[in-house]
Structure formats: structure tokens, C-alpha cells
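>>> Show me the folded form of this:
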Amino acid sequence: RRCGLDGATTGGDESVLYGYDGESLTLLAHSPKFETGRDCAQWAWHHMQEFGTREVNVDGIGLGDGIANALEDKGAEVSRFIASSSAPTAEARRAYGNLRAYVAGELAQYLQKREIFIDPSDSEIEGELLGIRKKRTGGKLFLESKDDMRRRGVASPNRADAAMMAIWGGSRTRFHFAED
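Residues are numbered from 1 along each chain as shown. The predicted model follows:
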């Protein structure tokens, strides 16, 4: 069991916490932005304990790093998800331009094969997952950035990102590589 947290303290974004138990992704909680990263961490920690895990993957850049630090102070086992970092294997690096695209590709494969199920009570995640544009550059798959999505009037895919972070094994495990 582990969680994926996409935290927010500014703008119109929401904080989202998804849980993953090895076969299902469950929306554990979502909330409007928090005053501080520590407030977000406290909120997430409460829901993580209800889900029965100390493991959480959090955006490791900017605001997310502060949230990760606050969760570590509470005793959480945190892996920092750096979306722009490389995919984990040489084979994956040939197909995917960064870690975010790789994990999205893995999630898509798992959903198509019905190896992972998404919480049916979350009416927004499907639209978020389908709303992220993909592009190929130099033969590698990339996902549209959050900034590019905002420029075309699409909200940040907070739920999709939290779900992707929840399935990512961090430094603890690696996915199998799935062909495009």
C-alpha cells in the first residue's frame, strides 16, 4: 500500500491524495488549497493513516519538497517524484522523454489490461487522464506540461498526477517495461 500526493497551496488547484493497494487506485481525499505545505502534510498524514500506510510519493520539486519534508517529520516513508527525471531503464528511456510520461504510459497499459482499477466514485479522473495531450519529440513520448494545459484553458490534472504518483514504485521497485 502506498499513496500519491499532489499538494496545492496556491492558485485554483486542489490537493489530492490517491491510495494504491496493488490492484486498485482509490481517491482517499481531495481538498482546496492549504495555507502552508505543513497544513497539506498534516491533512495527507491523517488520510494515509486511515488507509494504513506510511509510504507516499510526492512531487519532489518546489512546494512538493516542503510537503515531503513535513511528511518525513511525521514518520512517513517518502519518495520524491521528479517528473522531469529520466525513465528508469535504458529501454524505457528510448521510448519515454521523462519519468512522468513513462509512469503515465505504464498506468495506461495497466488500465487497458485491467490490471489496475480506478475508484469509480471519482468522476473527474477519467477526464483528467484523457485531457493530457501527448507528443513525440526525437522519437520519445512526452506529456503536455501543466503550464501548456493552463494556456489552453485546461485545469491542472491534480487527480491524474496523484494517481500516477501512487502507482510509481519509487526507489523501492521498478515497473516492467511495456512496449508502446
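>>> where does residue 115 land in three-state SS?
Under DSSP: H, G, I helix; E, B strand; the rest coil, residue 115 falls in the coil class.
>>> Tell me the pLDDT of the closest residue to it other than its chain neighbours.
For residue 115, ignoring the flanking residues on the chain, the nearest one in space by CB to CB, 6 or more residues apart in numbering is residue 23 at 7.3 Å. Quick note: C-beta positions are derived from backbone N, CA and C, even for glycine. pLDDT recorded at residue 23 is 90.
>>> pretty sure residue 23 is touching residue 118, no?
No. Counting by CB atoms under 8 Å, residue 23 stays clear of residue 118, with 10.9 Å between them.
>>> out of those two, which sits in the more crowded spot?
Remark: of residue 23 and residue 118, residue 118 carries more neighbours, 19 against 10, as counted by other CB atoms under 10 Å.
>>> for that one, what are its contacts?
Applying CB atoms under 8 Å, 6 or more residues apart in numbering to residue 118 gives the contacts 24-25, 111, 125-126, 163.
>>> now do 10 Å
18, 24-27, 107, 110-111, 125-126, 129, 159, 163 (CB atoms under 10 Å, 6 or more residues apart in numbering).
>>> swap in residue 159?
Counting by CB under 10 Å, 6+ apart, residue 159 makes contact with 4, 6, 14, 16-18, 25, 27, 30, 118-119, 122-129.
>>> pLDDT on the host helix or strand of it, on average?
Here residue 159 sits within helix 158-167, counting by DSSP states H and E. Helix 158-167 carries an average pLDDT of 96.
>>> next one: stretch 5-19
Summarised as a single mean, pLDDT over stretch 5-19 is 87.
>>> Please give the centre-to-centre distance between that stretch and its chain.
With CA atoms, centre = their mean, to the nearest Å as the basis, stretch 5-19 stands 10 Å off its chain's centre.
>>> ditto for stretch 125-140
The answer for stretch 125-140 is 14 Å, by CA atoms, centre = their mean.
>>> Regarding the protein, what is its longest strand?
Identified as the longest strand of the chain according to DSSP state E is strand 24-32.
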